[in-house]
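K.L.:
Whatever this is, show me its structure:
(chains A and B, ligands or ions: 2)
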Amino acid sequence: MSQITDAYRGLKLGERWDHAPKPVRWFVMLLVVAFAFYLPYLNILPFAYIRTDLTSSGSDWASVLFLIVVYMIVAVGLNVVIGLAGLLDLGYVGFYALGAYSIALFGSTNSPVVEAMQSKFGLSEEWAVPFVVCIPIAITMSLIAGVFLGAPTLRLRGDYLAIVTLGFGEIIRITARNLDGVTNGAAGITQVPVPPGPESDGRAFFNTIDAERWYWLALAILILIIFLARRLENSRVGRAWLAIREDEDAASVMGVAGFKFKLWAFAIGATLGGLAGLLFGSKQQYVEPNAFMVQLSFLFVAMVVIGGSGNIYGALTGAFLLTYLPERFRDLVDWRPFAFGVALVLVMILRPQGLVPSRRRAREFDDRREEAKEAAADV
Amino acid sequence: MSEQTHAESSTDTDVVLEDTSNHDQIAIETSGEVGEVLLELDHVTLRFGGVVALNDVNFQIRRGEILGLIGPNGAGKTTAFNAMTGVYTPTEGAIRFKGKEIAGIKPHTINHLGIARTFQNIRLFPEMSAMENVMVGCDARHKTSVVGVLFRTYRVRPSEEELPESGIRRSLAKVFGISRHTLEERAGRRRSMELLRFVGIADRAHELARNLPYGYQRRLEIARALATEPELICLDEPAAGFNPAEKEDLMGLIRRIRDLGHTVLVIEHDMKLVLGVTDRIVVLEFGQKIAEGSPEEVARNPKVIAAYLGEPDDAA
Ligand SMILES: Nc1ncnc2c1ncn2[C@@H]1O[C@H](COP(=O)(O)OP(=O)(O)OP(=O)(O)O)[C@@H](O)[C@H]1O
Ligand SMILES: [Mg+2]
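P.N.:
Numbers count the residues shown, from 1 in each chain, chains lettered A, B, ... in the order given. Ligands and ions are numbered 1, 2, ... in the order given. As a prediction, this is how the structure comes out:
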């Protein structure tokens, strides 16, 4: 036993994790997941202090948890784009909006699209596209949007890509606001459908009151997504992304189809963004253009960057902190933008690779620092 | 990833090139006949603005040979490599590989057709381990798609030795097959290890490429290029910066690469060295081919002697 602990001492946390026996890892993961599912009911002091609804002005704890998980899905998706493929996407909110609008446009009886379908095919006023059909629609729409945006722009490098994607996010929002006949414009769409489930007391299973159900649903989806994302990382796809990030020209001479893999990263990111948007819109049961301002894109990027891009757990941490902290300290609402700014600057100065960086990424940052120092010394 | 120990890693200076690899696992299958034209530069001209880096260059590489490409600094040797591997498109002329025009085709497509290369200034993936670098090369021949990776949809009926040993997994694999992804990853790891052994750097397989000594990095580049199973491998000054003993080793390695079934094109500055290992030599100067022939013919050629006279033999 002491031999084992000796061997572990001096290893970084991540390495310790890698060296732990498989049953131990499974057990720890199971505990973490169980705890995550239990979180809405957390009421034992002192742990209960992490709840956000301790004061009367606080926000509903389960709803906050739900939002955290939705943003975690966003962060995992954006991490594929920024962290793994190395593409700076500043318009991620566009995909998030597309997901939310897809389910609203096709699933809500309030949507002009559904109304048009009703009159065209002589359907009843109650009819709308069922929720389960809306999911593939939303996923397909965001996927297609990802490919359409990516195909012409991924040949651009660095800053240009950032600017084009930034524009994309705004275009989606402005289109949603101005196309009155399709999206109800600024008024938004109400009666966005919720997932099917057994009704009780005349209320749907997924309703506005029992937010923990939404949280559990989102959490289950998140776990599935993390599982799939890890598969990607440890495969020829993950290696291709890494190779592209490190030396795109050398990678292409070694047979890595750079454009193809970048487009895949973009499409995967878009899909996850759309899925998160779908969950968000469905829980709100209301979708409006103002929910998808450009600031949200920056928040998403900040999650990945502060957490540590290239590392799923970093992105999850970033999403958690940037969603949870503002909700927990809602009383200090006037200080929020200030605190956010200070936190960002501090992280960038003290730990530019992010709070929980990928090991490779951390070294890439160190290298660049060294280079900058050498360059400065040369002058 | 693996239980490989790093106990007997050698020091930076005495690199021992010992081939302990299993050649059956890394030899490639070739489709053509030895001696047929594999790659052909047909009146290739390549200009960078005013600079004519290649001027109406013609030569052929035949299957199974080791062809040397030599010439003074700035002669256009690297540019010829870049044109052949799709990095640059010739301004004029054609490049044909196995009879197919490849000028203007994307580098990764050319790699899939069967040309790989190393770089004069080492360009490994520094944050990947030696093994992972070679795996990227192996991936070039693998087929698993993104969907296949995510959902393991493409199942393969495994052969007896690929089946897992333990009971339940074994029966599951028998019924559902094994995903192509899993099999390819396994095969890639095995092949990568063999290739690292082949070039003599397997003792540091799990170290990051950036932490490897210079000589190891050069050899790792060769292993990575070989991993893409190229019919033609182009080595751009693979012995640059080596001492004479290491150079001698490397020439042996080049011969063994040919014995695996690859055709080799090698750029080398050191005349003596190149004469010893190549079957034929093409000499470039100022972007033009000034000589071509057997090492003896080239060594006697007055133009070549003139080109190399006064050229400091820095061998770098
Ligand atoms: N990308 C480029 N842009 C402009 N000029 C270039 C470029 N690449 C090469 N050249 C020029 O083309 C000429 C041939 O260069 P090349 O690198 O092919 O020479 P080389 O034979 O490989 O020399 P060395 O032995 O030094 O490696 C040189 O004059 C070089 O300056
Ligand atoms: Mg050169």
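K.L.:
Against residue B:162, how distant is residue B:168?
P.N.:
Going from residue B:168 to residue B:162 by Cβ to Cβ, to the nearest Å gives 16 Å. Every residue, glycine included, has its C-beta placed from N, CA and C.
K.L.:
More neighbours: those two, which one.
P.N.:
Neighbours of residue B:168 and residue B:162, each counted by other Cβ atoms under 10 Å in any protein chain shown, are more numerous for residue B:162; the result is 14 against 8.
K.L.:
In contact with the more buried one, which residues are there?
P.N.:
Under the criterion of Cβ atoms under 8 Å, 6 or more residues apart in numbering or on different chains, the neighbours of residue B:162 are B:178, B:183, B:186.
K.L.:
So whichever residue of the stretch 251-379 of chain A sits closest to ligand 2 versus residue B:137, what's the distance?
P.N.:
For the stretch 251-379 of chain A, the residue positioned closest to ligand 2 under Cβ to the ion is residue A:253, at a distance of 14.9 Å. With distances defined as Cβ to Cβ, the gap from residue A:253 to residue B:137 amounts to 10 Å.
K.L.:
follow-up on the earlier one: can I get the buried part of the contacts of residue B:162 as one ChimeraX selection?
P.N.:
Below is the selection syntax for ChimeraX that covers the buried ones among those, with 16 or more other Cβ atoms under 10 Å in any protein chain shown defining burial:
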select /B:178,183
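K.L.:
With pLDDT and distance to ligand 2 added, can I get the contacts of residue B:162 in JSON lines?
P.N.:
Conversion of the contacts of residue B:162 to JSON lines gives the following (pLDDT from 0 to 100; distance: Cβ to the ion, whole Å):
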{"residue": "B:178", "pLDDT": "89", "distance to ligand 2": "45"}
{"residue": "B:183", "pLDDT": "92", "distance to ligand 2": "39"}
{"residue": "B:186", "pLDDT": "93", "distance to ligand 2": "38"}
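K.L.:
Looking at the contacts of residue B:162, which are in strands?
P.N.:
Under the assignment DSSP state E, those contribute residue B:178 to strands.
K.L.:
ok so, going back, since we're on the residue of the stretch 251-379 of chain A closest to ligand 2, how many residues are nearby?
P.N.:
Look at residue A:253: counted by other Cβ under 10 Å, it has 27 neighbours.
K.L.:
Not counting sequence-adjacent ones, nearest residue to it?
P.N.:
Of all residues beyond its chain neighbours, the one nearest residue A:253 is residue B:107 (4.8 Å), with distances taken as Cβ to Cβ, 6 or more residues apart in numbering or on different chains.
K.L.:
and residue 45, which of the three is it?
P.N.:
I went with chain A, as the question did not name one. The three-state label given to residue A:45 by DSSP: H, G, I helix; E, B strand; the rest coil is coil.
K.L.:
To clarify, I was referring to chain B.
P.N.:
At residue B:45, secondary structure determined by three-state DSSP is strand.
K.L.:
in the sheet, who's paired with it?
P.N.:
With DSSP bridges as the criterion, the beta-bridge partners of residue B:45 are residue B:92.
K.L.:
Near it, how many residues? Count them for me, please.
P.N.:
Counted with other Cβ under 10 Å, the neighbours of residue B:45 add up to 16.
K.L.:
OK, contacts around it?
P.N.:
Neighbour list for residue B:45: B:52, B:54, B:55, B:56, B:57, B:90, B:91, B:92, B:93 [criterion: Cβ under 8 Å, 6+ apart].
K.L.:
So what's the predicted local confidence for the third one?
P.N.:
By that I understand residue B:55. pLDDT, residue B:55: 95.
K.L.:
Could you check how far it is from ligand 2?
P.N.:
Applying Cβ to the ion, to the nearest Å, one obtains 16 Å for the distance of residue B:55 from ligand 2.
K.L.:
So that residue lies in a strand, does it not?
P.N.:
Yes. Residue B:55 forms part of a strand when assessed by three-state DSSP.
K.L.:
so what's it closest to, chain neighbours aside?
P.N.:
Once chain neighbours are set aside, the closest to residue B:55 by Cβ to Cβ, 6+ apart is residue B:287, at 4.1 Å.
K.L.:
Look up how far ligand 2 lies from that neighbour.
P.N.:
Counting by Cβ to the ion, the gap between residue B:287 and ligand 2 amounts to 12 Å.
K.L.:
center of chain A, which residue is that?
P.N.:
Using Cα atoms, centre = their mean, the residue of chain A that lies closest to the mean C-alpha position is residue A:74, 0.8 Å off.
K.L.:
check which helix or strand covers it.
P.N.:
helix A:61-78 (DSSP states H and E).
K.L.:
Can you give the distance of that helix from its chain's centre?
P.N.:
Averaging C-alpha coordinates over helix A:61-78 and over its chain gives two centres that are 7 Å apart (Cα atoms, centre = their mean, to the nearest Å).
K.L.:
In terms of secondary structure, what does it contact?
P.N.:
Contacts of helix A:61-78 with other secondary structure elements, assessed using 3 or more Cβ pairs under 8 Å, 6 or more residues apart in numbering or on different chains; DSSP states H and E, are made with helix A:92-107, helix A:211-233, helix A:258-284, helix A:294-307, helix A:312-328.
K.L.:
Would you mind getting the angle between that helix and helix A:92-107?
P.N.:
With axes from the mean of the first three to the mean of the last three Cα atoms, to 10 degrees as the criterion, the two stretches helix A:61-78 and helix A:92-107 enclose an angle of 120 degrees.
K.L.:
so residue A:360 is in which element?
P.N.:
When elements are assigned from DSSP H and E, residue A:360 belongs to helix A:359-378.
K.L.:
Report the distance from that helix to the chain centre.
P.N.:
Its chain's average C-alpha position is 29 Å from that of helix A:359-378, according to Cα atoms, centre = their mean.
K.L.:
Then stretch B:230-245?
P.N.:
Taking Cα atoms, centre = their mean, the mean C-alpha location of stretch B:230-245 is offset from the chain mean by 9 Å.
K.L.:
Show me what counts as buried in the helix or strand containing residue A:136.
P.N.:
Secondary structure from DSSP H and E places residue A:136 in helix A:131-153. Within helix A:131-153, the residues that count as buried by 16+ other Cβ under 10 Å are A:131, A:134-135, A:137-139, A:141-143, A:145-146, A:149-150, A:153.
K.L.:
Same question for stretch B:26-38.
P.N.:
Buried residues in stretch B:26-38, counting neighbours by 16+ other Cβ under 10 Å, are found at B:26, B:30, B:38.
K.L.:
Up against ligand 2, what does the stretch 151-300 of chain B have?
P.N.:
The stretch 151-300 of chain B comes close to ligand 2 at no residue, as judged by Cβ under 5 Å from the ion.
K.L.:
For whatever residue of the stretch 101-250 of chain A ends up closest to ligand 1, which three-state class applies?
P.N.:
Closest approach of the stretch 101-250 of chain A to ligand 1 (Cβ to the nearest ligand atom) occurs at residue A:249, with a separation of 11.7 Å. For residue A:249, the secondary structure call by three-state DSSP comes out as helix.
K.L.:
Verify the stated contact: it with residue B:87.
P.N.:
Yes. A contact is recorded between residue A:249 and residue B:87 when judged using Cβ atoms under 8 Å, the distance being 7.0 Å.
K.L.:
Any idea how many residues pack against residue 285?
P.N.:
Just so you know, I chose chain A. For residue A:285, using other Cβ under 10 Å, the count is 17.
K.L.:
my question was about chain B
P.N.:
19.
K.L.:
Thanks a lot, catch you later.
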